[in-house]
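>>> here is my input; please provide its structure:
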Amino acid sequence: MLYYPASPGGFFAKGGIGFAYATVSEDVGPGTFTADEQGFGLTFGAGWDFRIGGNLWLTPNVDVLVQSFDEFADSNLFLFSPGIGFH
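Residues are numbered from 1 along each chain as shown. Down below sits the predicted model:
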């Protein structure tokens, strides 16, 4: 979900809830050990739309992805991504 708190402003916030899935594989002797786990996923972030000309926009944003599993270690990802959009 994206939320723009002010119509003319470029700031936005985003978030979501979902499922997480992870697979781990390890070569052990003559074979491969593989384990997988399902869990809970959460994402949230923020960004800004900058008009750089006409209908072209530069949209840098940051995101945090949180994954929680029963047997595996939980993991958190921090992402920064520049984006270009046409609208």
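>>> please make it C-alpha for all contacts and neighbour counts, starting now.
Will do.
>>> can you list contacts of the helix or strand hosting Thr32?
Thr32 is part of strand 31-48 when elements are defined by DSSP states H and E. Here strand 31-48 makes contact (CA atoms under 8 Å, 6 or more residues apart in numbering) with 10-27, 59-72.
>>> if we use 7 Å, what do you get?
Under the contact criterion CA atoms under 7 Å, 6 or more residues apart in numbering, strand 31-48 has outside partners 10-27, 59-70.
>>> using the centroid of this protein, identify the residue furthest from it.
Distance from the centre of the chain peaks at Pro30, with 36.6 Å (CA atoms, centre = their mean).
>>> contact partners for Glu71?
Contacts of Glu71 (CA under 7 Å, 6+ apart): none.
>>> if you could redo that for Ser68, that was the one I meant.
Gly39, Phe40, Gly41, Asp74, Ser75.
>>> go again using 6 Å as the cut-off
Gly39, Phe40, Asp74 (CA atoms under 6 Å, 6 or more residues apart in numbering).
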